[in-house]
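Asks: Structure of the sequence below:
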Amino acid sequence: MAKRINTQAGEPSLPSREQIVAFIAQATDTVGKREIAQAFGIKGADKIGLKRILKEIEEDGDIARGRGGLSKAGRLPPVVLADIRSRDRNGDFLAFPAEWDAGKGDGTGDGTGKPPTIVLHAPRGGRKPRGLTAGIGDRALLRVEPDGADGRYTGRVVKVIGKNKAEIIGVFREGAQGGRIVPVEKRSQGREILIPPGEEGEAREGDLVSVTLERETRFGLPRGRVRERLGSLGSEKAVSLIALHLHHIPHVFAEATLAEADAAKPATMKGREDWRDRPLLTIDPPDAKDHDDAVMAQADDDAGNPGGFVVTVAIADVAAYVRPGSALDREALERGNSVYFPDRVVPMLPERISNDLCSLREGEDRPALAVRMVVAADGTKRKHTFHRVMMRSRAKLSYAQAQAAIDGHGDDAANALLDTALRPLWAAYAALREARDRRGPLALDLPERKVLLTPDGAVDRVIVPERLDAHRLIEEFMIQANVAAAETLEGARQALIYRVHDEPAIEKMRALGEVLASVGVKLPKEGALRPALFNRILAAVAETEHALFINEVVLRSQAQAVYGSENLGHFGLNLRRYAHFTSPIRRYADLIVHRALIAAGRMGSDGLSPDVTAADLAQVGEQISAAERRAMAAERETIDRLIAHHLADRVGATFHGQIAGVTRAGLFIKLADTGADGFVPISTLGADYFRHEEGRHALVGERTGETFRLGDKVEVKLVEAAPVAGALRFDLLSEGRTRAGTKASGTQAPGDRAFKAAPSGRPAGIRNAGTRHRGSRR
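Replies: Numbering: from 1, shown residues only. Got it, this is the predicted structure:
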């Protein structure tokens with residue numbers, strides 16, 4: 001409430017212009033005519049005079065009027081509507097006024113007309129943020145106050161209004177006057193934005209920019225202004241930049257985070273067991289830079305476990321370097337996980353931690369958290385224990401190296417380890433595989449494509465890497481270690497984050513039943529819902545033309561795996577409890593599990609605090625689940641853009657593919673060679689009128705009965721490629737089926753230029769170069 005001010009010996013009268021401006025400038029709350037009248041004791045008819053004075057001051061440019069009330073010109077009102085656009089190098093959010101008249105002052109006194117910067121400080125020392133929280137892309141009401149003489153403000157969130165829908169990310173194209181923006185989102189394709197002269201900011205031809213829509217009209221292009229230049233898209237190698245900004249993925253570490261990483265010292269032997277003489281080794285992709293897991297196996301010499309094994313999995317001890325509440329910890333939580341693009345990796349942790357201190361390098365001492373599992377001859381785990389150790393990797397092998405040695409044609413490095421390390425590993429894996437087969441996890445068979453780039457960042461080719469037993473061995477060892485972590489923490493009544501995969505929803509099962517019926521496969525309506533049910537379906541179609549697309553629709557029917565503090569089991573793996581433990585360098589969930597194990601086993605002071613509750617972990621789980629979905633979408637869209645760029649000079653070429661989706665608007669086609677998705681608009685199918693029969697997942701011609709059905713093999717011609725959006729459009733060359741099952745003879749209509757986006761959720765898609773065989777998203 002405004003304090004009353006008397007202008008003369010207790011007798012209220014109209015204040016001077018200088019007094020009004022000074023009062024507005026010093027106000028710490030919203031100021032309007034009512035607050036000024038209360039402060040100066042103005043009543044009755046004198047309010048008319050006050051209104052006249054305020055209008056004159058405003059017309060002279062000494063004060064400004066906005067949604068937050070009146071403020072001194074060139075300064076923000078105490079409460080302001082602002083857009084949160086980015087972070088500074090300290091990790092604090094940077095916001096800017098949603099409305100700013102550059103002609104009436106800039107808040108800095110330098111005459112540039114730029115809007116002032118509002119810094120929203122992140123809580124330090126691991127404290128939870130007070131009040132409401134907001135993120136990049138949000139529009140919020142902020143309470144602000146000046147911070148020093150440089151025109152900057154500090155603020156806190158009063159209310160989150162929502163996402164700034166008027167902000168669009170696009171590529172700038174220069175024109176004779178001003179320019180145009182080509183939006184990068186598929187749903188905005190074909191709808192360019194006009195940038196008038198003087199509104200281009202610092203944008204140059206081909207730059208990725210953030211744009212604010214200023215005005216949309218019924219006729220003509222919408223108009224906008226460039227808010228920020230995000231980077232140059234001068235080459236394919238910068239394509240991932242689009243996804244980084246479109247999904248607001250943090251990719252520049254804060255100075256405080258880098259400083260902590262640079263100051264970190266190698267861990268010592270204090271509180272650790274010495275395992276440096278054990279034959280642990282790493283098996284990874286040939287281009288891996290961070291080695292976060294090492295394995296070993298040996299026959300169990302316990303007479304009570306004949307034919308059994310002792311399997312050891314050692315994981316980089318990231319918790320030794322990333323302490324709760326530190327700058328490293330805060331930024332790792334915000335990132336949630338590393339993001340892998342074909343042209344770059346956006347790591348969860350700085351390279352000093354991920355590629356150096358925590359990477360289990362060959363021949364170097366490294367701290368680890370290890371699990372020692374005793375396995376019976378039939379693969380059943382009898383017991384396990386966790387240990388905090390110092391280890392020294394005996395060797396660094398690639399999957400292909402290890403597999404070649406087992407197959408009898410290894411190189412010298414792998415052959416030297418054949419009898420002492422590799423054969424014991426494969427023998428233990430054979431036992432674990434037997435147990436896995438009895439357990440019966442979901443057995444999907446989908447190709448995982450990998451995009452290979454040339455040195456300059458262009459797409460070289462798309463391949464389907466061979467799936468080796470070496471991959472399966474490491475995956476199974478990691479799964480068993482993850483199960484052991486969940487069991488240990490449950491037994492200790494220690495709060496943790498589970499990896500949860502719920503059973504499919506009823507609606508998805510109903511849709512799956514309709515798809516199966518369309519190819520003559522019946523889905524049982526009764527009985528327990530288990531992975532074995534789906535495996536029987538997959539086995540029934542394994543040798544048919546429908547095998548690939550049935551695998552894909554079964555995958556689509558599954559629930560999304562998430563992180564949570566409540567155990568719902570893991571449906572796909574057919575496990576009662578499961579947690580992620582094996583990749584703390586690249587997943588925050590694993591770091592939490594490490595801290596929980598340290599606390600439960602009393603293995604150090606850097607474990608999970610007893611003050612952390614299940615509710616706290618549930619909130620963390622929601623945050624990192626969202627970060628994972630964000631990363632998956634960004635990775636998928638980047639590959640779409642790379643493939644569209646790769647195919648842009650092949651417009652007119654024909655391709656073999658399969659109908660991967662059917663909608664009332666047309667057909668989604670998945671190409672056989674690259675796995676890329678594209679769209680065939682229904683208007684281009686032929687001379688007939690096609691209707692969408694949802695239950696049959698088909699488009700059916702009313703006159704001819706010509707039918708295009710989900711899963712049909714087809715031939716298509718590429719007629720349009722949009723590299724920026726990652727979208728392809730095809731004409732269908734193949735004829736559909738008739739009711740009798742034969743090919744129709746309908747005439748192909750010429751393709752129009754209507755553009756449809758590719759599907760947003762590709763079921764299997766293409767694997768990018770950074771993804772590792774670790775069952776990372778199970």
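Asks: Tell me the buried residues in stretch 702-710?
Replies: 704, 706-710 (16 or more other C-beta atoms under 10 Å). Backbone N, C-alpha and C define where each C-beta goes, glycine included.
Asks: quick check, nearest of these to Leu221?
Replies: Phe708 (35.4 Å; C-beta to C-beta).
Asks: quick one: that closest one and Ala665, what's the gap?
Replies: Using C-beta to C-beta, to the nearest Å, Phe708 is found at 13 Å from Ala665.
Asks: now, which of the buried residues of stretch 702-710 sits nearest Glu228?
Replies: Relative to Glu228, and with distances defined as C-beta to C-beta, the nearest of these is Leu710, at 42.7 Å.
Asks: Got the confidence number for the residue lying closest to the closest one once chain neighbours are set aside?
Replies: Spatial nearest neighbour of Leu710, chain neighbours left out: His697 (3.9 Å); criterion: C-beta to C-beta, 6 or more residues apart in numbering. Predicted confidence (pLDDT) for His697: 83.
Asks: Dihedrals phi and psi, His697?
Replies: phi 50, psi 50 (degrees, to the nearest 10).
Asks: can I assume it is in contact with Val662?
Replies: Yes: contact status for His697 versus Val662: in contact at 5.0 Å, counting by C-beta atoms under 8 Å.
Asks: tell me, what's touching these two both at once?
Replies: 709-710 (C-beta atoms under 8 Å, 6 or more residues apart in numbering).
Asks: partners of Val144 in the sheet?
Replies: Counting by DSSP bridges, Val144 is bridged to Gly155.
Asks: Quick check: the gap between it and Phe708.
Replies: Val144 is 58 Å from Phe708, by C-beta to C-beta.
Asks: got the end-to-end distance for stretch 276-284?
Replies: Start-to-end span of stretch 276-284 (C-alpha to C-alpha, to the nearest Å) is 20 Å.
Asks: which residues touch stretch 562-577?
Replies: With contacts defined as C-beta under 8 Å, 6+ apart, stretch 562-577 is touched by 439-442, 479, 483, 486-487, 490, 495-504, 530-531, 558-559, 561, 578, 580, 589, 614-615, 617-618, 620-622, 624-625, 628, 778.
Asks: same thing but at 6 Å, please
Replies: Here stretch 562-577 makes contact (C-beta atoms under 6 Å, 6 or more residues apart in numbering) with 439-442, 486, 497-498, 500-503, 531, 578, 589, 614, 617-618, 621, 624-625.
Asks: What is the least confident helix or strand in the protein?
Replies: For the chain, scoring each helix and strand by mean pLDDT, DSSP states H and E identifies strand 766-767 as the least confident one, at a mean of 36.
Asks: circling back to that earlier point, quick one: which of the buried residues of stretch 702-710 is nearest Arg229?
Replies: Leu710 (43.6 Å).
Asks: Would you confirm that the closest one contacts Val662?
Replies: Yes: counting by C-beta atoms under 6 Å, Leu710 touches Val662, with 5.2 Å between them.
Asks: any residues in contact with both of the two?
Replies: By C-beta under 6 Å, 6+ apart, the residues touching both Leu710 and Val662 are His697.
Asks: so what's His245 closest to, chain neighbours aside?
Replies: Excluding its sequence neighbours, the residue lying closest to His245 (C-beta to C-beta, 6+ apart) is Leu230, at 4.9 Å.
Asks: Please identify the buried residues of the helix or strand where that neighbour lies?
Replies: Here Leu230, judged by DSSP states H and E, is contained in strand 223-232. Within strand 223-232, the residues scored as buried using 16+ other C-beta under 10 Å are 223-230.
Asks: between those residues, which is nearest Glu475?
Replies: Using C-beta to C-beta, Leu230 comes nearest to Glu475 of the buried residues of strand 223-232, at 37.4 Å.
Asks: Hmm, Leu208 and that closest one touching each other?
Replies: Yes: shown here, Leu230 and Leu208 form a contact pair, counting by C-beta under 6 Å, at 4.5 Å.
Asks: measure stretch 704-723 end to end?
Replies: 37 Å.
Asks: Ok, stretch 604-616 next?
Replies: Note: stretch 604-616 ends 22 Å apart using C-alpha to C-alpha.
Asks: Of all the residues in it, which ones are buried?
Replies: 604, 606-608, 612.
Asks: His700 should be in a helix, yeah?
Replies: Just so we're on the same page, residue 700 is Val rather than His. No: using DSSP: H, G, I helix; E, B strand; the rest coil, the assignment for Val700 is strand, not a helix.
Asks: helix, strand or coil for Ile283?
Replies: strand.
Asks: Let me know the pLDDT of it.
Replies: Taking Ile283 on its own, its pLDDT is 97.
Asks: What of Pro763?
Replies: 32.
Asks: need the next SSE after the strand holding Leu230, C-terminal direction.
Replies: helix 240-246.
Asks: on contacts alone, who are the packing partners of that next one?
Replies: helix 614-647 (3 or more C-beta pairs under 6 Å, 6 or more residues apart in numbering; DSSP states H and E).
Asks: Dump the buried residues of strand 223-232 to TSV, plus distance to Pro342.
Replies: Output for those, formatted as TSV (distance: C-beta to C-beta, whole Å):
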residue	distance to Pro342
Arg223	36
Gly224	31
Arg225	33
Val226	28
Arg227	29
Glu228	26
Arg229	24
Leu230	20
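Asks: Dump those residues to JSON lines, plus pLDDT.
Replies: Below are these laid out as JSON lines (pLDDT from 0 to 100):
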{"residue": "Arg223", "pLDDT": "84"}
{"residue": "Gly224", "pLDDT": "87"}
{"residue": "Arg225", "pLDDT": "88"}
{"residue": "Val226", "pLDDT": "89"}
{"residue": "Arg227", "pLDDT": "84"}
{"residue": "Glu228", "pLDDT": "83"}
{"residue": "Arg229", "pLDDT": "85"}
{"residue": "Leu230", "pLDDT": "83"}
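Asks: which other residues reach the strand holding Leu230?
Replies: Counting by C-beta under 6 Å, 6+ apart, 193-194, 199-203, 207-215, 241, 245 sit against strand 223-232.
Asks: Please state the offset of it from the chain centre?
Replies: With C-alpha atoms, centre = their mean, to the nearest Å as the basis, strand 223-232 stands 23 Å off its chain's centre.
Asks: okay, that strand in CSV with CA atoms only?
Replies: Below are the C-alpha coordinates for strand 223-232, written out as CSV (Å, rounded to 0.1, in the frame of the first residue of the first chain):
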residue,chain,number,x,y,z
ARG,A,223,4.4,-10.2,-40.1
GLY,A,224,7.1,-10.6,-37.4
ARG,A,225,10.4,-9.3,-36.1
VAL,A,226,13.6,-11.1,-35.4
ARG,A,227,14.1,-11.4,-31.6
GLU,A,228,17.4,-13.3,-31.5
ARG,A,229,20.0,-14.8,-33.9
LEU,A,230,20.6,-18.3,-32.7
GLY,A,231,23.3,-19.4,-35.1
SER,A,232,24.3,-20.1,-38.7
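Asks: who touches Ile249 in this structure?
Replies: Applying C-beta under 6 Å, 6+ apart to Ile249 gives the contacts 339, 634.
Asks: quick check, it in a strand?
Replies: No: counting by three-state DSSP, Ile249 is located in no strand; its state is coil.
Asks: Test my guess that Arg729 contacts Ala722.
Replies: No: Arg729 lies out of contact with Ala722 (C-beta under 6 Å); the separation is 8.1 Å.
Asks: The two: who's more crowded?
Replies: Arg729 (28 against 22; other C-beta atoms under 10 Å).
Asks: What strand or helix carries the more buried one?
Replies: If you go by DSSP H and E, Arg729 is part of strand 727-732.
Asks: Could you check the angle that strand makes with helix 614-647?
Replies: 60 degrees (axes from the mean of the first three to the mean of the last three C-alpha atoms, to 10 degrees).
Asks: and strand 727-732, what's its mean pLDDT?
Replies: Averaging pLDDT along strand 727-732 yields 95.
Asks: swap in stretch 398-418?
Replies: Averaged over stretch 398-418, pLDDT sits at 96.
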